[in-house]
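J.: okay, sequence plus prediction incoming.
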Amino acid sequence: MRLLILNGPNLNMLGKREPGIYGSATLSDIEASLRNRFPQVDFTFVQSNHEGELIDALQTAQVEGVVLNGAGFTHTSVALRDAIASIDTPVVEVHISNIHARESFRHASLTAAVCVGAITGLGTEGYALAVRYFLSRASS
């Protein structure tokens, strides 16, 4: 199985940025953990602070599923939402923090409605849960 793990703006700062909210794991730690836990998955990892690069990654991915942490673009990007809606590949939205327990502007996700599901507030384990979803879907 091939999966794209797509991370949006500021997630390159994980481990340094607000560790009280996002924890101490870096993006590299998350990637290594997923590779170790799911050796049967062929992962592609992309992180960008640029909206267009995330859209390009979605539109060109040759994968069975996408795990997307759109970060701040989740709440602001109609373009990212439209890119998800335009592809046939299923997307699971993931957020490390519980966006519904944070500032009110984070409560609304523009992208969740065009994703097959959303995982929020379970820390970095949300990524693994999304991968498990895709693996269970493939074995059904």
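T.: Arrived safely, thanks for sending.

J.: from Leu122, how far off is Met136?
T.: Residue 136: Ser, not Met. 17 Å (CB to CB, to the nearest Å). In short, each C-beta sits where N, CA and C put it, glycine included.

J.: out of these two, which sits in the busier spot?
T.: Legend: neighbour count by other CB atoms under 10 Å for Ser136 and Leu122, higher for Leu122 (15 against 9).

J.: and the more buried one, what are its phi and psi?
T.: The phi/psi pair for Leu122 (degrees, to the nearest 10) reads phi -100, psi 20.

J.: and it, what is it in contact with?
T.: The contact partners of Leu122, by CB atoms under 8 Å, 6 or more residues apart in numbering, come to Leu129.

J.: helix/strand/coil for Leu4?
T.: When classified by DSSP: H, G, I helix; E, B strand; the rest coil, Leu4 comes out as strand.

J.: any regions of the protein where pLDDT drops low?
T.: Residue ranges of the chain with pLDDT under 70: 22, 100-103, 105-107.

J.: in it, spot the helix with the most residues.
T.: Secondary structure of the chain per DSSP state H: the longest helix is helix 125-139.

J.: and it, what does it pack against?
T.: Secondary-structure packing of helix 125-139 (3 or more CB pairs under 8 Å, 6 or more residues apart in numbering; DSSP states H and E): strand 2-7, helix 27-37, strand 65-69, strand 91-95, strand 117-120.

J.: so which elements touch the second one?
T.: In other words, helix 27-37. Counting contacts by 3+ CB pairs under 8 Å, 6+ apart, helix 27-37 packs against strand 2-7, strand 42-47, helix 125-139.

J.: run the last query once more with 10 Å
T.: Helix 27-37 is packed against strand 2-7, strand 42-47, strand 65-69, helix 125-139, with contacts defined by 3 or more CB pairs under 10 Å, 6 or more residues apart in numbering; DSSP states H and E.
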